[in-house]
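A.B. asks: what would the 3D arrangement of this be:
(one chain, ligands or ions: 1)
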Amino acid sequence: MMQELRSQQWFDRKGKDGFIYRAWMKNQGIPDDEFRGKPVIGICNTWSELTPCNAHFRELAESIKRGVIEAGGLPVEFPVMSLGETLMKPTAMLYRNLVSMDVEESIRANPLDGVVLMCGCDKTTPALVMGACSVDLPSIVVSGGPMLTGKYRGRDIGTADVWRFSEANRIKMMSDDEFRTAEACMARSRGHCAVMGTASTMACMVESLGLSLPENGAIPAADSRRKVLAQLSGRRIVEMVKEDLKLSDILTREAFENAITVNAAIGGSTNFVIHLMAIAARIGVTLSMEDFNTALKGIPLMANLQPSGKYFMEDFFYAGGLPALMKELNELLNRETITVAGKPISANYENAECFNRDVISTMEDPFDKIAGIIVLKGNLCENGAVLKASAASPALMRHTGKAVVFEDIDDYKARIDDPSLDVDKDSILVLKNVGPKGYPGMPEVGNMAIPKKLLEQGIADMVRISDGRMSGTGFGTVVLHISPEAAVGGTFAIVQDGDVIQLDCFAGTLELKLTDPEIAERKQRLPVRETTIGRGYTHLYQSHVEQAHLGADLDFLKGGSGNRVTKDSH
Ligand code: FES
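C.D. replies: Take a look at the predicted model:
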């Protein structure tokens, strides 16, 4: 029998309070019997025309509502701040934690029994899941889906081509007119980036964690089956409320391990590390950087998707999507973890089929034997750093070179194309002060563009190191998330031009070739760098943000406060 609904604390109330709670809902034309014993389902919507990837969400919400009503619930849609990766400045990551607060407080403060989280563009997924974890009501994720594959001059294109096109445009291999034409050809439908960038990585993350119904990861936004998934999710959340199936029942340590394994096999974004770490800390599961060190542990690259491979999310869906890939991975997964469907995760994929082995490989014949994240340790990153194995050049994964140092992003922009810059193909580009506190907000600038004079020589990749992040659509031999970051006085802060840095992905090390006394002496001489602590939210963020290896959440947001409203009066 269903336990008393949380929403009844509002709508079954007698006297003045009950009158107020019901009356101001009735002004929307809702009949009286809608409030009697029906699960009230919040639809947490990140729709915004300033988040183009989520601009279709009001329509998608209608499908969710239909499902909720069919199953006997009352749907109530509410907006939260949205995070558009392309337009927000200085970086959407600065606001991920703010949105998580919005989501958490919106859910807890209102008469909700369950929640549907509508996620799409990169940061909207972790922000909503983090916030919902801190309340821990029954919750299900519906992602918006990827765009259709871009088409340009007879060939398929996607977001990863933005980097290629802009490099070609910089050295006049692509005209300005061609560049502009390609814009419309790439983003030709609703949905988020069409490659295995961060948004698709996040959509696959929620599916592999068990937070969505199967196929959430890959159904294109424009495909009518995305609406079907939304409607079925609307039905399912009502049942989840009746079963009292909460996020903490689903998000076990084993579920996180599954997500990490799947992320390696799909060639997911490095941003996965920082977001999953933050989600785990909200729900009370302990993860360490070592848990993410999958690249050399026998999980192969099984999805031939850009930016690591050739194809697009649309192709992934037609080939069988995440269920087909997870079926191949079966032996490496914790098969008994429970999903939002109330069944073991193996039920998501046991009947799946692969329809294109050029897109989804078998375990025995993968696209690459090395996949996933390499976690680096060494004196340059005492708390760790990450590198995406499938995006790196094999020849550079063991490399020693002299540092060419940029103190911050302005310094980098001012000098990268200076013909007199002392740099060659073996140099290592170092970009400081783009970490969580230093920038602030840890922007996606880690895959710095190659100096123009080297590009003109045909150099396509170099080792690049920063305390920032990289777009999930980026590629190259790029070391990211250096912790501690330069702005908090990590060893990274003392690197100078000409210092020798040794990267060894196979040993998992990143070393600055200086002795300990030399490092200590330089740290003592380190000039105090003026870090302006802004006002408002930026002040809060800079005062409380944690380092990358902990998930870059605000320190006081870890864990949760449950769904109880402590003070109850009007
Ligand atoms: Fe929104 Fe790429 S810009 S997912």
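A.B. asks: what residues does stretch 414-432 touch?
C.D. replies: Identification of contacts with stretch 414-432 by CB atoms under 8 Å, 6 or more residues apart in numbering yields 399, 401-409, 412, 438, 445-446, 448-449, 451-454, 457, 459, 462-468, 486, 492-493, 495, 497, 501, 503. C-beta: built from backbone N, CA, C; applies to glycine.
A.B. asks: so how far is that stretch off the chain centroid?
C.D. replies: Relative to the mean C-alpha coordinate of its chain, stretch 414-432 is positioned 30 Å out (CA atoms, centre = their mean, to the nearest Å).
A.B. asks: for the remainder of this discussion, apply numbering that starts at 5.
C.D. replies: Done: numbering now begins at 5, and the last item shifts to stretch 418-436.
A.B. asks: dump it to CSV, keeping only the CA atoms.
C.D. replies: Only the C-alpha atoms of stretch 418-436 are listed here, as CSV (Å, rounded to 0.1, in the frame of the first residue of the first chain):
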residue,chain,number,x,y,z
ALA,A,418,48.1,37.8,-26.6
ARG,A,419,51.2,35.7,-27.4
ILE,A,420,50.1,32.3,-29.0
ASP,A,421,50.4,33.5,-32.5
ASP,A,422,53.4,35.8,-32.0
PRO,A,423,55.9,34.8,-34.6
SER,A,424,58.7,35.3,-32.1
LEU,A,425,57.2,32.9,-29.5
ASP,A,426,60.0,30.4,-28.7
VAL,A,427,58.0,27.2,-29.4
ASP,A,428,58.5,24.1,-31.5
LYS,A,429,56.6,20.9,-32.0
ASP,A,430,58.2,19.2,-28.9
SER,A,431,57.4,22.1,-26.6
ILE,A,432,54.7,21.6,-23.9
LEU,A,433,52.2,24.4,-23.7
VAL,A,434,51.3,25.3,-20.1
LEU,A,435,48.2,27.5,-19.3
LYS,A,436,47.8,28.6,-15.6
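A.B. asks: what's the average pLDDT for that stretch?
C.D. replies: Here stretch 418-436 scores 97 as its mean pLDDT.
A.B. asks: to the chain's geometric centre, what's the distance from stretch 296-313?
C.D. replies: 17 Å.
A.B. asks: could you do stretch 397-407 as well?
C.D. replies: 27 Å.
A.B. asks: report the buried residues of that stretch.
C.D. replies: Within stretch 397-407, the residues that qualify as buried are 400-401, 403, 405-407, counting by 16 or more other CB atoms under 10 Å.
A.B. asks: go on, stretch 274-294?
C.D. replies: Applying 16+ other CB under 10 Å to stretch 274-294 flags 274-287, 289, 291, 293 as buried.
A.B. asks: distance from it to the middle of the chain?
C.D. replies: 11 Å.
A.B. asks: ranges for the strands of the stretch 405-554 of the chain?
C.D. replies: Per DSSP state E, counting those that start in this stretch, the stretch 405-554 of the chain carries strands over the ranges 432-435, 467-470, 482-487, 504-508, 513-516.
A.B. asks: over to the stretch 155-304 of the chain?
C.D. replies: Going by DSSP E, counting those that start in this stretch, the stretch 155-304 of the chain shows strands at 159-161.
A.B. asks: and the stretch 5-154 of the chain, which residues reach the ligand?
C.D. replies: Within the stretch 5-154 of the chain, the residues that sit near the ligand (CB under 6 Å from any ligand atom) are 57, 89-90, 125-126.
A.B. asks: so which of those is the most crowded?
C.D. replies: Most neighbours among these, by other CB atoms under 10 Å: Asp126, with 32 neighbours.
A.B. asks: which pLDDT value belongs to that one?
C.D. replies: For Asp126, the predicted pLDDT is 97.
A.B. asks: quick one: end-to-end distance for stretch 381-390.
C.D. replies: Stretch 381-390 has an end-to-end distance of 9 Å (criterion: CA to CA, to the nearest Å).
A.B. asks: also stretch 358-368?
C.D. replies: First-to-last residue span, stretch 358-368, CA to CA: 15 Å.
A.B. asks: what's next to that stretch, contact-wise?
C.D. replies: 304-309, 315, 319-320, 322-324, 328-329, 331-333, 335, 371.
A.B. asks: mind checking how far the longest helix along the chain is from the chain centre?
C.D. replies: Assignment by DSSP state H gives helix 228-247 as the longest helix of the chain. From the chain centre to the centre of helix 228-247 is a distance of 23 Å (CA atoms, centre = their mean).
A.B. asks: pLDDT on stretch 229-246, on average?
C.D. replies: Mean predicted confidence for stretch 229-246 is 98.
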